[in-house]
Structure formats: structure tokens, C-alpha cells
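In: model the following, please.
(2 chains)
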Amino acid sequence: MYNRLVLLFFVIVTAASCRKTEYTTIAEPAYLRVFNNLDYNITVDTKDVPQPFLTMLIDPELDADGVPVKAATVGDFLDKRAKWARPYPDAVSTVIYQTEYPGSAKVLAGPILNGYDLSSWAQVPSGKHRIMFYSRPFSTVPFFDLPKDLRKLVMIDTTVNFGQREVYTMHILEKKFSTKEAGIYIRQEDFVKRPFSDSMVYVNFYNLSSEGFSQNAVFKDKKYNQRLLDTMNVYSTLNYVNKFEGFSPIEGHKGNLMGRVIRSQSPEVQPYYSFPLFPDTIPNRIYTGRTGQVFTFLSPEYTYATNPFIQYMGESNGRFSELAVLPEKVIYESAYQMQADLLTGMVVTVRSGAYFNRSFSTVNTIEYVNGKFFLTTIQRKYEPPVY
Amino acid sequence: MQLHKLSFLFFLSLLIVTGCKKDNLTLPPDEIGGKRAVGDFVRNNYDLSILAAGLEKTGLMDSLNQPGPFTLFAPDNNAFKDMGVTSAAAFNTMNTDSLRDALKYHVFRERKYIGDFPVQMSNKFVTLSGAEMYVSVSMMPGSPFSPPIHRNVYVNGALVYKENKRDIALANGVVHVIRKPLKYYPQNIQEFLQADTSLTLFVAALKQFKLWDGLSAKGPFTVFAPDNKAFRNQRLTADSISRMDPAAFKPIAMSIYTTEHKIRRIFSTDWQQINGNFGTNDTFIQLTGFIMQPFYEYNSYNLTETAYLKPMTPEGGAGTNGPYIINYKGSIAKGTDHVVTNGVVHKIDDLLLYPRTLRK
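Out: Numbers count the residues shown, from 1 in each chain, chains lettered A, B, ... in the order given. Now for the predicted structure:
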């Protein structure tokens, strides 16, 4: 008797279970990640100009007045990109303003492809698609809830072709320094197809500045050597953190020539250069030390050995500049600095398996866009920590 | 025992069933404000008695008790006193129709709390008078996020008071109290300048320097209009202006007053709102050979405003071509932020640059 009643209750509960989840799938996806490289600096003179705070619409449906009412894919609240694009997405974060797409948006993310974690890439349908970018007001109202007149400020309207299961990085860039005209740049990434070694860290360099930037730009803060000429050579120096919380170069890894960086907005993948994951022979493989990388940009007339420029001595007018990827709290005198991994810069050091810290090699992209350096770190799959 | 298990299961399943229900915890906006309407609130507030008298006289009080929803930017009594309206009696000498239009310009037909405004400059809203008002919102200077009660908000260059004087929720709308009345004129810049007899020399000078015709264009433009006394202090009369040869002066000598006809609508408070009280030279108004700082500061302790213009050399020096600072004419409330159909006009009490020092 009671058993039957219990059964009845379970039937009721089952019948009343009210949630039905329909999982969305995209049949033949491409993987897309979007960065907004446009910068805004509001002054009394520019305060009424539409600011590059963007909404991306893929395959939008426009009404009779040309105002979008619906889109297949929406990337809303696309703000300035962050200095460091981390190797894992902000999926657990609830921030609304995004430093990239997909960022913390709840979308279908990319899989682990050839050992690379593509969870910072969103799945989008492959094939030919119309992509539009709109300037939107700085508020937390979703794009399609905005009044009609605020959904009219088109910044970019273009059509792109995505290949099946290909990885794309899209940038919104300033095309010309004089006109400030915005444009789109889509790079089909090939790191997933390359035979990269597990024990090397890879990095490639782009100068995506607008045409005429290096000649005409005025840098607001008075730091020396922020300008980069359109053709530069880049040298890498690997460092360990010494007892004065500064950098000391590791023997044999000081000023190694990597290659040439030419300002260009044509979307070709630049060659990857590498340095060893464990250059220092002193620590063992369960690494607890701190390291950092310095990239020295020199105009081709100079080599690292003949470099006459010193950061604090004065301005080189674009012939010399340095980017330091620093661990936490380290002081290093250079024009550009950024923090990536808290301990090891471009090398990712996290808990893995039963170990407290393990270091993993990464594939990196360093982009110089209009007086700012950006680092994108892509991580390979690793053993999750066991607690 | 068996019975206990059963009732336990019963309640458990009840919980599971009700657990699926998701209540929307945000109240619909018209239930937040209580019973009182906007009009009644204004009528019952000692601080808004002059505004109430104006609304009463023009018959708008009843409109503000209608369903709405409304957002009212309400100038308090201090605001009206700064304009020279010291009591309700002053409205008796005014034209009722133009007073009605002026008051309608303070209201738009939407319920907007401060937190609802996009955090950016010049959000446009169409007021009951049909013209647009410009609501600028920013976080506190240097802070990435501030709660709505502490955000810097200015409407047409009028300060919106902080904390309990904003976001006053009412049955049919919301009231924000502001520091000075809004001034809108359904004229273009040319018509506005011509209608003011204290600006005749300025108009003459603009015409003499061939800057007048552009001011009827769509704009928006920002114009700083010195009064006749300012010209006379520099020994410039209608007669001597008519004998000035524009070719003998650097163009900036006169074009500074129209900010070189560039498209911009600069309110007296904009610079302060964007930069706080400190900013580098590139944050000021950029002009040929000069920069100009439109300074504004509100002292929330003394409840006083300071505002002036400061033309400088591009390096930020005081320069020798004009006065160190220039004040707005009359008072800040009277001189600043006259919004017209194609821009904004500020009346000032001195020349920005002395033409005699800018001969070629």
C-alpha cells in the first residue's frame, strides 16, 4: 500500500519536473575569437562621437528601417581588449563588459583540438556570413533591448567565409591613423596543425598598428621608447628573478634573435619562434622558481650586441623598445610591461595532478597595436589537479 | 515509522515541485514609487516651492499627476534664486507660454533612474517641449565603478545632486533635483545672439570677421559670447569694429569664440566630468595656437559652484594674449549653457583673447 503511494509520489514528481533542456549544437562549426583593438579616450572634443564599445552581430536580420532586430550570433558589450588574453575563458565570471568574444558569454565553446584547449573560442556556423559591428551605449542593457535609435550606429559591415573546423582570430583595428576608419582583420590560425614540441614555448609577433601610426602618434604618458618603427627585429631574453626582485638573464638565453616584425594588416600567420620551457638547469622539472621574458625590439641597423639604447637614458624615436612579461612584483625598466602568469610569465604554472605547481609550455601571440602590446596565450591540455 | 517516512517523502516531493518555480524578484517599476505622484511631490516640498509655483501657473502640475511615466529634473529654490527668480511672484511678470515651454524642457516621458542611464556623455532624451536634453553620466573620477547615488550626473551642464536628492521614486515617475534651471531656446545661434541686446558688439565683430554666416548651419557649435562691456573695455566700439581688417589679425583672435566652428557641444561642466579636477593639456578644448580649460567645480560642503574659462598656450602656460581667467556673465546659472537648436551658447564677461595682441 505505502509502496504504491511512494510510487505515486515519484510519478507526480516526474510528471511535474518542469525543466527540459534542449542542447544547442552547431553542425559544422568554425571556431572564432574576437578582439576589439579600438581605443577610446573621451575628451571634451570627442565626447559626442560614437565610442568603440561594440556589439557584434553575425547574420543579423534588419527591419524595414535597417535596424537590426535579431541575429544568429550576438557578441554584446565588446569593450577594449585586455593586455593579456588568458589561456582559459572567464566562463565562471559574471562580468558584463567583455574584453573579448566569447569571453564570459554563455556560448558553445571550441573543443580540445590536437591537444589545444580552444575553450576561449566560440563555435560559429561555418560558411559565408554577414558580420556587423555596432557602436552601443555604455550600459548594461542588452543590445536588442535598446531603443531603436541607439541600434543604428554601424561601425563595420562585411561578409566573411569561415572554413569548417578552422580556428579564426578576428580583430577590429584602426586602418588608417589619419582617418581613424575601423576595419576587420581575420586570421586563420594554424597552430593546431603544427607539430609543436611539448618542451618548447612558442611565440609569434604582429604589428597591427594603423597606417601612419608610428610616424604621427603622440604618446600621452611621457615614457621613453614607446614608438616602434614599421620594421623591427625582435630579440628574446629569458630571465630568472634574482634576490633583489629584479631580472637576471639566464646563461645562453640573452638577446637571441627571433625574427623580423613588419607592420602589416594583411592576415597571414607569422612564423613561430621558440625558447625552451626549462632553460635553467638548476631547478628540476617540478618547478617552483620565477621567470620572465623580455623581448627587445631593435631597428635592423642595430643588433642586440651593438644596441646603444638604454631605456632610462632617452628616446630612440622608434628604433628601440622593450616588452617585459613579468611575474608578480618584479621591477624591470622597460617601455612596455605586462603580467601574464603570476610566477613564470608566458609559461603557465598551475597545480596539476598531485603536484603543487607544474609548468606547461604554451603557444603565444604578441600583438603591437597602436602603442599597446597584447599577449594571447594558448595552453595545451594538461592533467587536472587532484586535491 | 512508515507513516513518517511517507510524510517526509510527501514534503520532499512538494519541495521538489515548488523548487522549479522561479519568482521574479524585481518589482515592476510603477510599484516601487508608492502612492504619491510627481506633481504632488513637488507641491509638498519646501525646497521646490518656486518650481511648484511655476508648474501651477502654467497648468503643468496636473499633467505631472497623470499616469506618465515621467522623469523630472527639478531645479530647487536655490537654483531659481541664482537665476534671479527669488520668489514665486517673479513668474507673474513672465510670459506664461514661454515659461511653460521652459518648464516642459525639464521633463521627459520615461522613468529613468540614474542607474538606467548609460554611463557616457550626452545621452539624448526628447523632453515634453519637443527639444532634446543631454544627460551625461560618469563614474566618480578615477573609479572603475561607482554606485548610482555617487555617479557624476549633469543634464545640460546642470549638476544633479547626489545621494538622497536623486532617484526619488514616485507613483508615476522619478524626480532628480538639479543645481540650476535648464535653459533651452527654440532658436538657432544667430537668432539667439541677435535677440540679446547686450551682445550687439559681438554680433558686429562676428560679421566683420566673416564668422557669422556659418552659425546658422546644423552644427552643433559651441559659442562663447562676450558682452558689450567686454568689448568696450578693450576700446572696441561698433565704429572701431567696423574699421577692423580681418586680414590684419590672426584668425584665432575671433574664431576662438565659435571654437573655430568645429562640431562640438561643450557644456560648462563637461571637462570636469570627464577628467575630475585635474587633466593634462590634451584634455582641454584644442584650438589653433591655444588650448582652453572650461573649469567647473562643485563644493558639496559649502554648496557653491565655481566655473570659469582659462585660455592657455599649448604648453599650458597662462599666455599674454588675454585675461588669466574669464568668468561667465552674471552668475554661473545665468551665463552658462544656453542650449539652442544648433548648439550651446555661453555668455562671458571678458574677451577670451585681446585682438590687439594678435596682429599678424
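In: C-alpha only now, for contacts and for neighbours.
Out: Will do.
In: pLDDT score for the closest residue to chain B within the stretch 51-200 of chain A?
Out: Here the residue of the stretch 51-200 of chain A nearest chain B is residue A:139; by CA to the nearest CA that distance is 4.3 Å. Reported pLDDT at residue A:139 in the predicted model: 84.
In: quickly list the domain ranges of the chain.
Out: All of this refers to chain A. With domains defined by automatic domain parsing, chain A comprises A:27-193, A:200-387.
In: oops, wrong one, chain B.
Out: What automatic domain parsing lists as the domains of chain B is B:29-183, B:189-358.
In: which of the ones you listed sits closest to chain A?
Out: domain B:29-183 (4.3 Å).
In: helix, strand, or coil at the residue of the stretch 51-200 of chain A closest to chain B?
Out: Three-state call for residue A:139 (DSSP: H, G, I helix; E, B strand; the rest coil): coil.
In: now do the contacts for the closest residue in space to it that isn't next to it in sequence.
Out: Nearest residue to residue A:139 in three dimensions, chain neighbours excluded: residue B:118, at 4.3 Å (CA to CA, 6 or more residues apart in numbering or on different chains). Contact analysis of residue B:118 by CA atoms under 8 Å, 6 or more residues apart in numbering or on different chains lists A:137, A:138, A:139, A:140, B:137.
In: same list (those) but as a markdown table, adding distance to residue A:23 and neighbour count.
Out: Listed next are those as a markdown table, based on distance: CA to CA, whole Å; neighbours: other CA atoms under 10 Å in any protein chain shown:
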| residue | distance to residue A:23 | neighbour count |
| --- | --- | --- |
| A:137 | 32 | 24 |
| A:138 | 32 | 20 |
| A:139 | 30 | 18 |
| A:140 | 27 | 16 |
| B:137 | 40 | 25 |
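In: would you turn the residues you listed into TSV with distance to residue B:210?
Out: TSV is the format used below for the contacts of residue B:118 (distance: CA to CA, whole Å):
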residue	distance to residue B:210
A:137	38
A:138	40
A:139	43
A:140	46
B:137	37
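In: take the domains of chain B and write them to TSV, including mean pLDDT and distance to residue A:269.
Out: TSV is the format used below for the domains of chain B (pLDDT from 0 to 100; distance: least, CA to CA, whole Å):
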stretch	mean pLDDT	distance to residue A:269
domain B:29-183	88	36
domain B:189-358	88	37
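In: all strands of the stretch 101-250 of chain B, in order?
Out: Secondary structure of the stretch 101-250 of chain B by DSSP state E, counting those that start in this stretch: the strands cover B:107-108, B:123-126, B:132-138, B:152-155, B:158-159, B:168-170, B:173-178, B:183-184, B:221-226.
In: TSV for these, including distance to residue A:360?
Out: What follows is the strands of the stretch 101-250 of chain B, written out as TSV (distance: least, CA to CA, whole Å):
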stretch	distance to residue A:360
strand B:107-108	58
strand B:123-126	48
strand B:132-138	42
strand B:152-155	46
strand B:158-159	54
strand B:168-170	55
strand B:173-178	56
strand B:183-184	64
strand B:221-226	58
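In: which residues sit against the biggest helix by length in chain A?
Out: Secondary structure of chain A read by DSSP state H shows that its longest helix is helix A:2-16. With contact meaning CA under 8 Å, 6+ apart, helix A:2-16 is reached by B:2, B:6, B:9, B:10, B:13, B:16, B:17.
In: one more: stretch B:209-228?
Out: B:188-190, B:198-203, B:206-207, B:245-246, B:254-255, B:257-259, B:261-266, B:329, B:342-351.
In: of the residues you listed, buried ones?
Out: Buried members of the contacts of stretch B:209-228, counted by 16 or more other CA atoms under 10 Å in any protein chain shown: B:188-190, B:198-203, B:206, B:246, B:254-255, B:257-259, B:261, B:263-266, B:329, B:342-351.
In: turn the domains of chain A into CSV, including distance to residue B:94.
Out: CSV is the format used below for the domains of chain A (distance: least, CA to CA, whole Å):
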stretch, distance to residue B:94
domain A:27-193, 35
domain A:200-387, 51
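In: now, the most widely separated pair of the contacts of residue B:118?
Out: Using CA to CA, the two most remote members of the contacts of residue B:118 are A:140 and B:137, lying 13.8 Å apart.
In: now the helices for the stretch 151-300 of chain A?
Out: Here the stretch 151-300 of chain A has its helices, by DSSP state H, counting those that start in this stretch, at A:213-216.
In: by proximity to chain B, which residue of it wins?
Out: Proximity of the stretch 151-300 of chain A to chain B (CA to the nearest CA) peaks at residue A:220, 8.4 Å away.
In: local confidence estimate at that residue?
Out: Confidence score, pLDDT, at residue A:220: 76.
In: repeat that for the one 3 residues further on.
Out: We note a pLDDT of 86 for residue A:223 in this prediction.
In: the residue nearest to it when sequence neighbours are not counted - how many residues pack around it?
Out: Leaving aside its chain neighbours, residue A:223 sits nearest to residue A:335 (6.5 Å; criterion: CA to CA, 6+ apart). Residue neighbour count, defined by other CA atoms under 10 Å in any protein chain shown, stands at 17 for residue A:335.
In: my guess is residue A:322 contacts residue A:338. True?
Out: No - using CA atoms under 8 Å, residue A:322 is not in contact with residue A:338; the gap is 11.1 Å.
In: can you tell me the centre-most residue of chain B?
Out: Chain B has residue B:156 as the residue nearest its centroid, 1.7 Å off, counting by CA atoms, centre = their mean.
In: give the contact list for that residue.
Out: B:133, B:134, B:135, B:136, B:182, B:267, B:337, B:339.
In: how about the contacts made by residue B:174?
Out: Listed by CA under 8 Å, 6+ apart, the contact set of residue B:174 reads B:33, B:38, B:70, B:71, B:72, B:111, B:112, B:113, B:167, B:168.
In: host element of the fifth one?
Out: Secondary structure here is read from DSSP states H and E; on that basis residue B:72 sits in strand B:70-75.
In: now that strand against strand B:173-178, angle please.
Out: Angle, strand B:70-75 to strand B:173-178, by axes from the mean of the first three to the mean of the last three CA atoms, to 10 degrees: 20 degrees.
In: can you point out the buried residues in the helix-or-strand element of chain A with minimal mean pLDDT?
Out: Sorting the helices and strands of chain A by mean pLDDT, DSSP states H and E puts helix A:2-16 at the bottom, at a mean of 77. The neighbour-count check on helix A:2-16 (16+ other CA under 10 Å) flags A:6, A:9, A:13 as buried.
In: again with stretch B:320-327
Out: Applying 16+ other CA under 10 Å to stretch B:320-327 flags B:321, B:322, B:323, B:325, B:326, B:327 as buried.
In: now the end-to-end length of it.
Out: One end of stretch B:320-327 to the other measures 18 Å (CA to CA, to the nearest Å).
In: just to revisit the earlier point, what about chain A: which of the buried ones among the contacts of stretch B:209-228 touch it?
Out: Filtering these for neighbours of chain A using CA under 8 Å from any CA of the partner chain leaves B:264, B:265, B:266.
In: quick check: of the residues you listed, which lies closest to residue A:120?
Out: residue B:264 (40.6 Å).
In: in three-state terms, label that closest one for me.
Out: Going by three-state DSSP: residue B:264 is coil.
In: residues contacting residue B:263?
Out: B:219, B:220, B:221, B:222.
In: cutoff 10 Å now
Out: Residue B:263 makes contact with A:45, A:46, A:48, B:218, B:219, B:220, B:221, B:222, B:342, B:343, according to CA atoms under 10 Å, 6 or more residues apart in numbering or on different chains.
In: who wins for most neighbours among the residues you listed?
Out: Ranking the contacts of residue B:263 using other CA under 10 Å puts residue B:222 first, with 28 neighbours.
In: how about the contacts made by residue 290?
Out: Going with chain A. Applying CA under 10 Å, 6+ apart, we find residue A:290 in contact with A:239-242, A:245, A:247, A:326-328, A:330, A:341-345, A:349.
In: to clarify, I was referring to chain B.
Out: Neighbour list for residue B:290: B:252, B:256, B:284, B:311, B:312, B:313, B:314, B:315, B:316, B:317, B:319, B:353 [criterion: CA under 10 Å, 6+ apart].
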